[in-house]
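Colleague: Need coordinates for the following:
(chains A, B, C and D)
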Protein chains: 2
Amino acid sequence: MKTSIIKKMREKGLKLTPQRLAIIEVLVDKTHLHPGASLIYREAMKKVGSLSLSTVYSTLNEFSRHGIIKMLEFDKMENRYEGNIMEHINLVCKGCNKIMDYKVPVSIDLKEVAKKARFWVTDTRLEYHGYCQECKGK
Amino acid sequence: MKTSIIKKMREKGLKLTPQRLAIIEVLVDKTHLHPGASLIYREAMKKVGSLSLSTVYSTLNEFSRHGIIKMLEFDKMENRYEGNIMEHINLVCKGCNKIMDYKVPVSIDLKEVAKKARFWVTDTRLEYHGYCQECKGK
DNA sequence: TTTGTAATTAAGAATCATTCCAGTTTACAA
DNA sequence: TTGTAAACTGGAATGATTCTTAATTACAAA
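Modeller: Presented below is the predicted three-dimensional model:
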């Protein structure tokens, strides 16, 4: 997954810096956590001595702009990032903010949407919000 | 729709104030725009002389907490609100921020999700982001 | 109708994730 | 080795939303 991200970067003409390498490694290691910018910053900082939070943000923006990673946007909660670009539903726990992937491919044809609604889909956001096992019992 | 919102308020024991009435009316009149807090504030202000932005926020929070309206949360963009609680997909245009409803009921059984993933769904967020007809041609 | 009180409103200060800015450094192609 | 566009930095700025505290009010019960 790390190699494939780097490969995609090269394809897009993005430069590989120590900072970006560290960010990618955190993104891969902690992918199941769907980490936010601050966690990525903290962890990547341990790997490279020099890193600024602005860099983390601009890098994550750059990557998601190129479709290399996916940005999960929230309002009350820090944005989160994931390397898994396959379409799936994110289960977002309101109790602990944990995010889990739920692999039920939603089969709505994007071309059908484009045709019927005259809308060109670039990006899907499928989330179920609620409570996980642990948080269910308050 | 206005009456049904007020009815739901009464059921939940929420009080009907002039400010809330104005907010509800804007929510109903401009529902197709999926208005944000600032628009709701501006429009409702025209109806009642006295209204503060804090009130708009707390009212919208209260209503959505009780499931009377639905809050659409974004990151880069102001949150938006809708009276339509039927499950549907929101088509969000990246060009002009217009939001349209796409009435394709997604048939994923919430009970199935709860059982398989052990996750209790309270709230669904189904969005397709992209470009509408007008914004397609830049 | 009057009253009590819990709910609501108000205004501004505070928050905080994210973006912007302007200057410096660096990756990498030639 | 060098030139240059891209990337990095840290601090300031942004802006939607929440918080705080005090004043006001809807409405149920007397």
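Colleague: Please report how far the nearest residue to residue A:45 once chain neighbours are set aside lies from residue B:110.
Modeller: Counting by C-beta to C-beta, 6 or more residues apart in numbering or on different chains, residue A:51 is the residue found nearest to residue A:45 once chain neighbours are left out, at 5.1 Å. Heads up, the C-betas are built off the backbone N, CA and C, glycines and all. Residue A:51 sits 42 Å away from residue B:110, going by C-beta to C-beta, to the nearest Å.
Colleague: Equivalent analysis for residue A:111, please.
Modeller: On the measure of C-beta to C-beta, residue A:111 and residue B:110 end up 27 Å apart.
Colleague: quick one: which of those two has more around it?
Modeller: residue B:110 (15 against 9; other C-beta atoms under 10 Å in any protein chain shown).
Colleague: pLDDT score assigned to residue A:109?
Modeller: As predicted, residue A:109 sits at a pLDDT of 74.
Colleague: just residue A:106 next, same as before
Modeller: 61.
Colleague: Repeat that for residue A:123.
Modeller: We have a pLDDT of 85 for residue A:123.
Colleague: Next, the buried residues of the helix or strand of chain A at the bottom of the mean pLDDT ranking.
Modeller: Sorting the helices and strands of chain A by mean pLDDT, DSSP states H and E puts helix A:110-117 at the bottom, at a mean of 83. When neighbours are counted by 16 or more other C-beta atoms under 10 Å in any protein chain shown, the buried residues of helix A:110-117 are found to be A:113, A:114, A:117.
Colleague: what's the answer for stretch A:72-88, then?
Modeller: Going by neighbour count (16+ other C-beta under 10 Å), the buried part of stretch A:72-88 is A:72, A:73, A:74, A:79, A:80, A:81, A:82, A:83, A:88.
Colleague: outside of that stretch, which residues touch it?
Modeller: The contact list for stretch A:72-88 (C-beta atoms under 8 Å, 6 or more residues apart in numbering or on different chains) reads A:1, A:5, A:27-28, A:31, A:34-38, A:40, A:60, A:64, A:67, A:69-71, A:90, A:92, A:97, A:99, A:101-106, A:124-127, B:73-76, B:79.
Colleague: Low-confidence bits of chain A, can you list those?
Modeller: Flagging of chain A using pLDDT under 70 yields the residue ranges A:105-108, A:138.
Colleague: and it, which residues reach chain B?
Modeller: Contact residues (C-beta under 8 Å from any C-beta of the partner chain) of chain A with chain B: A:73-76, A:79, A:89, A:91, A:93-94, A:100, A:102, A:104, A:106, A:108, A:110, A:113, A:116-133, A:136.
Colleague: Next, give phi and psi for the residue of chain A at minimum distance from DNA strand C.
Modeller: Here chain A gets closest to DNA strand C at one residue, residue A:79, 3.0 Å apart by C-beta to the nearest atom of the strand. As for residue A:79, its main-chain torsions (degrees, to the nearest 10) stand at phi -60, psi 160.
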